[in-house]
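A.B. asks: Attaching a predicted model along with its sequence, questions to come.
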Amino acid sequence: MKPVIYWVRRDLRLADNTALNAALASGRPVIPVFINDASIDGLGAAAKFRFGEGLRVFAKTLGDLGSQLVLRRGDALEVLRQLISETGAKAVYWNRLYDPVAKIRDTEVKSTLKSNDIEARSFAGHLLFEPWTVETKTGGFYKVFTPMWKAVRSRDVASPVPAPSQVFAPQTFPASDDLADWEMGAAMKRGASVLAPHMCVGEAAAQDRLAEFIEHKAADYPTDRDHPSVDGTSGLSENLTYGEIGPATCWHAGWAAIHRGVSGAEVFCKELVWREFAYHLMHHTPHILDSNWKAGWDSFPWNTQDTADVIAWKQGRTGVPFVDAAMRQMYVTGIMHNRGRMIVASYLTKHLMTDWRIGQAWFEDCLIDWDPASNAMGWQWAAGSGPDASPFFRIFNPVTQLSKFDPKGGYAACWIAEGQKNPSETSLSYYQAIPQGWGMTKDDPYPEPVVDLAEGRARALSAYQARDA
């Protein structure tokens, strides 16, 4: 009855958890362990804070089943070795991750443990389809989304395994760190208390969120998801990021709704595959995370410095309401509406001619749903250096976009206080979250545009045309 160590990573849930289910099926005591290694310690401020809250809730969930989440800090292999020595465990199970750093780490862990006669097994669960199982007819990987969607749309996805009613515990658990001592929200400073009410933490909350979406929002999702002032999306990107809900659970809920006649749910399932596409690309072309995905873009004349215009973009005071509202929403809530993400990315990389990696890094620090694959692909898609990009046609005009998708001005009013006689609570909360050193107040005049939109567009088009000449 030697115990199994279940190595917890981005899978803070009981249901639809392949590694946990396999550990429980062994009939042996299970020791859930989370390791705060360099990959966790290096997270951006908002993501690290949110991860800590997810761990807190998951630890309580395990505790309610008579188990315990053991917390340790350090190099993953060394921590696992120490735990094996302390507990006599003969097996370590985990769910796979796909970023290059995790793959290198996990390969070393598996090889070393097996060489020491320890069973080491990794399982699927973070994605619907393992990236190496999705191929074109010629055996390559998909570089364009639509053909990939058509290829996987009708694939079978295993039904999620229900949550266990108990987790078989060892007689004694090994010593654990105190989560509070890790201070995972320290980098948030005063912004933590502002952001916290906007988070939806834990498996139960994620399941409720999915049910609410399917029941009340899925039918109108194809249109409502484009309107930033409408609560028309699932909001599940936050929960998928930390594995508080599995993609298979979302997939089956979506298709069940489709079979009931809720046609809008198919667009939801398509968005799940868009997430898969990002991971598909990260697996096959890992340079997408930090280098131009398309060849020939390294000489493109992007600005690579934090200029005054870039700082204005980060602070939500470019003088362009759609851009500023979206940037402030992200700073307050840790989330940005998807339409806003496209607009602010296009504005930074095209109107301000700034390297996409500057925007990518800012999002990494500010988003609670930060995901390495989706963030990188989204930024490169917007910049024109990434997959399936049409740079000449994707210089979004943020003024016309706002009038089209927020014709009543509700989104801008929600997040921009300057110039309003009675500013909204959400717009005022921005000043409570930002560093005092930014020197912004609600009584400031709304700034003039840092760049004329027509001039910025013309400059970007000229640069793109020169590159293709």
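C.D. replies: Here it is on my side, so go on. Everything numeric here is computed off the predicted structure, so don't read it as measured data.
A.B. asks: now the helices for the stretch 251-400 of the chain?
C.D. replies: Assigned by DSSP state H, counting those that start in this stretch, the helices in the stretch 251-400 of the chain fall at 265-284, 308-314, 321-333, 338-346, 356-366, 372-383, 398-405.
A.B. asks: now, of those, which is deepest in the fold?
C.D. replies: Looking across the helices of the stretch 251-400 of the chain with neighbours counted as mean count of other C-beta atoms under 10 Å, the highest average goes to helix 321-333: a mean of 26. Glycine gets a C-beta too; all of them are placed from N, C-alpha and C.
A.B. asks: For the stretch 151-300 of the chain, give me the ranges with low pLDDT.
C.D. replies: By pLDDT under 70, the stretch 151-300 of the chain has no low-scoring segment.
A.B. asks: thinking again about what came up before, H227: which of the helices of the stretch 251-400 of the chain is closest?
C.D. replies: Shortest distance between H227 and those, using C-beta to C-beta, is found for helix 398-405: 5.2 Å.
A.B. asks: next SSE after that closest one?
C.D. replies: As assigned by DSSP states H and E, the chain's next helix or strand after helix 398-405 is helix 410-415.
A.B. asks: how about that next one: buried residues?
C.D. replies: 411-415 (16 or more other C-beta atoms under 10 Å).
A.B. asks: would you list the helices of the stretch 251-400 of the chain in JSON lines and tack on distance to W149?
C.D. replies: As requested, the helices of the stretch 251-400 of the chain are arranged in JSON lines below (distance: least, C-beta to C-beta, whole Å):
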{"stretch": "helix 265-284", "distance to W149": "5"}
{"stretch": "helix 308-314", "distance to W149": "32"}
{"stretch": "helix 321-333", "distance to W149": "26"}
{"stretch": "helix 338-346", "distance to W149": "17"}
{"stretch": "helix 356-366", "distance to W149": "24"}
{"stretch": "helix 372-383", "distance to W149": "15"}
{"stretch": "helix 398-405", "distance to W149": "23"}
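A.B. asks: Can you check which of these gets nearest to V450?
C.D. replies: Here helix 308-314 is closest among the helices of the stretch 251-400 of the chain (C-beta to C-beta), at 4.7 Å.
A.B. asks: chain center to that closest one: distance?
C.D. replies: How far helix 308-314 lies from its chain's middle: 23 Å, per C-alpha atoms, centre = their mean, to the nearest Å.
A.B. asks: pLDDT of that helix, averaged?
C.D. replies: Mean pLDDT, helix 308-314: 98.
A.B. asks: Wasn't V33 part of a helix?
C.D. replies: No. Applying DSSP: H, G, I helix; E, B strand; the rest coil, one finds V33 to be strand, outside a helix.
A.B. asks: Would you enumerate the residues in contact with the closest residue to it other than its chain neighbours?
C.D. replies: Among residues not flanking V33 along the chain, V70 sits closest, at 4.6 Å (C-beta to C-beta, 6 or more residues apart in numbering). When contacts are counted by C-beta atoms under 8 Å, 6 or more residues apart in numbering, V70 touches 31-34, 83, 173-176.
A.B. asks: 7 Å instead, please
C.D. replies: 31-33, 173-174, 176 (C-beta atoms under 7 Å, 6 or more residues apart in numbering).
A.B. asks: what's the answer for T285, then?
C.D. replies: W293 are the contacts of T285 under C-beta under 7 Å, 6+ apart.
A.B. asks: please redo it, this time with the cut-off set to 10 Å
C.D. replies: T285 makes contacts with 141, 143, 291, 293, 386-387, as judged by C-beta atoms under 10 Å, 6 or more residues apart in numbering.
A.B. asks: And S424, by the same measure?
C.D. replies: 410, 413-417.
A.B. asks: now the strands for the chain?
C.D. replies: Counting by DSSP state E, one finds strands in the chain at the ranges 4-8, 30-36, 70-73, 91-95, 119-123.
A.B. asks: how about the ones you listed, which one is nearest P222?
C.D. replies: strand 91-95 (31.5 Å).
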